[in-house]
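>>> Show me the folded form of this:
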Amino acid sequence: MSPRMLFALGALVACSPKGDGPAFGDTANENEGAEPFLAPDAPGPYTPATREATVTPDHGVPLTVQVWYPSNDPAGTPYLYDGLVGGQSTADLPAACDRVRPVLLFSHGNGGMRWQSIWLTETLAARGWVVVAPDHTFNTVFDMSEAHFAELVFRRPVDIVASYQWLLDDLAAPGGPLDGCVDEAQGYAMAGHSFGGYTSYVVAGSPIDRDATAAECAQNGGWLCAEVAEYFDAHPESSRVDLSDDRVWAAVPMAPAAFETLTGGLAEIAVPVLTWGGTRDSLTPVPSTVRPIYAGIQSRPAYLAVIEDAGHYSFSDACALLDSFPDCAPPYMPPTEVQAIARVNTVAFLDGLRGYTEAEAYLPSDDSALLWESAD
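Below is the predicted model of the structure:
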């Protein structure tokens, strides 16, 4: 990490934006104008629409940001993400902003991209959600740079918060294309895969603790030990970095990475968390990474959902892009089946928190491959 970027990140940490607390109430469906309950395994009634933009946060690194949202217009030609892959979304349709929509921010994995998990983002848009996902510049499959890796440990959460603020200030501003869809007072849910799972916990409330990370790294090692040490060496006046946003009201990390970096802050997360893992994941194994992270979370409700024979990339659309990953073939469960389980339970988890008590009957879903633990 360059000294200049270290200085810039230090300044951002010192003035990390905060809201007034998560407020997507647990009685959301009782509010006037709320939509009726929709079963988590039912298709959404809207056309998923999408648009992309370039956003430049205060740290100065431009981000390509993808936004998905519901539309009442009929679907058109499928949008091609980066001109490569088409999903179910249509570009630039008018948004259905007749009511305030729930919002979710998504953080991709190390070497992924903003549209790596359209199995979730497009599904949520079809169900009436607004979803925002930035490319974490210098950490995508298109622009991976080892020279920026240490920077990304601390910049990724800033990218997320900046992307949400851009949604408020630009797209959802008066006269904007999503005017009426977003209410800052209702906050947003956070989700992410792998490095994005780490990012989710940090944005949801887990500070990075210098001493706790150093102790864990000395005893057991870890993926981000050198990067965290580099940051704190450059900022000896600091022992904890808080990059959280208290507008977050829930977190859904999938195959999360970097227990060593999170270990000193997990107990400070104050929002409900659903953590996903797979028994065949060798990159973020359940016993050594996912379960220790789950055990450190003290907020309630907290769930650990493990899918038998799911791999690390099963929680992304990697196999739809390149079928050479081991996760794409037996003995791994087919990714589409993993995603079907994760989709229903994630939707049920989020809708239950929004006040739709009917969703509780779907949590957990009746799948023999789903190993479910609750810390209620």
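
>>> How much space separates Ser238 from Glu216?
Taking C-beta to C-beta, to the nearest Å as the measure, Ser238 falls 18 Å from Glu216. Placement of C-beta: from N, CA and C, glycine included.

>>> wait, Asp73
Distance check for Asp73 against Glu216: by C-beta to C-beta, it reads 51 Å.

>>> Repeat that for Asp323.
Asp323 sits 36 Å away from Glu216, going by C-beta to C-beta.

>>> Need the pLDDT of Arg4.
Arg4 is assigned 41 on the pLDDT scale.

>>> cool, and Gly21?
In this prediction, Gly21 carries a pLDDT score of 51.

>>> cool, and Ala53?
Residue-level confidence at Ala53 comes out at 97, pLDDT.

>>> secondary structure element for it?
strand 47-55 (DSSP states H and E).

>>> Check which helices and strands that strand sits against.
Contact here means 3 or more C-beta pairs under 8 Å, 6 or more residues apart in numbering; DSSP states H and E; on that basis strand 47-55 packs against strand 63-71, strand 85-91, helix 118-126, helix 149-166.

>>> do that again at 6 Å, thanks
For strand 47-55, the packing partners by 3 or more C-beta pairs under 6 Å, 6 or more residues apart in numbering; DSSP states H and E come out as strand 63-71, strand 85-91, helix 118-126.

>>> Please identify the buried residues of the next helix or strand after the first one?
Think strand 63-71. Scanning the chain past strand 63-71 towards its C-terminal end, the next helix or strand to appear is strand 78-81 (assignment: DSSP H and E). Going by neighbour count (16 or more other C-beta atoms under 10 Å), the buried part of strand 78-81 is 79, 81.

>>> pLDDT on strand 78-81, on average?
Taken as a whole, strand 78-81 has an average pLDDT of 96.

>>> Now find how far off-centre it is within its chain.
Its chain's C-alpha centre lies 21 Å from the corresponding centre of strand 78-81 when counted by C-alpha atoms, centre = their mean, to the nearest Å.

>>> all helices for the stretch 251-376 of the chain, in order.
Along the stretch 251-376 of the chain, the stretches classed as helices by DSSP state H, counting those that start in this stretch are 259-262, 291-296, 318-321, 335-353.

>>> which residues are contacting the first one?
Going back to what we said before, that points to helix 259-262. Outside of helix 259-262, the residues within contact range by C-beta atoms under 6 Å, 6 or more residues apart in numbering are 201, 206, 208, 213, 216-217, 222, 224-225, 228, 289, 292-293.

>>> Ser282: which of those is nearest?
Of all the contacts of helix 259-262, the one with the least separation from Ser282 (C-beta to C-beta) is Thr289, at 10.4 Å.

>>> How about the closest one: what's its closest non-neighbour residue?
Counting by C-beta to C-beta, 6 or more residues apart in numbering, Phe259 is the residue found nearest to Thr289 once chain neighbours are left out, at 5.1 Å.

>>> now the helices and strands packed on strand 47-55 in JSON lines, with mean pLDDT and mean neighbour count?
JSON lines is the format used below for the helices and strands packed on strand 47-55 (pLDDT from 0 to 100; neighbours: other C-beta atoms under 10 Å):
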{"stretch": "strand 63-71", "mean pLDDT": "98", "mean neighbour count": "24"}
{"stretch": "strand 85-91", "mean pLDDT": "96", "mean neighbour count": "18"}
{"stretch": "helix 118-126", "mean pLDDT": "98", "mean neighbour count": "25"}
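
>>> got CSV for the ones you listed, with distance to Pro177 too?
Formatted as CSV, the entries for the helices and strands packed on strand 47-55 read as follows, by distance: least, C-beta to C-beta, whole Å:
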stretch, distance to Pro177
strand 63-71, 8
strand 85-91, 12
helix 118-126, 14
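
>>> between the ones you listed, which one is nearest to Pro78?
Taking C-beta to C-beta as the measure, those were each checked against Pro78, and strand 85-91 came out nearest at 3.7 Å.

>>> Mind listing the strands that closest one pairs with, and their directions?
strand 47-55 (parallel), strand 78-81 (antiparallel) (DSSP bridges).
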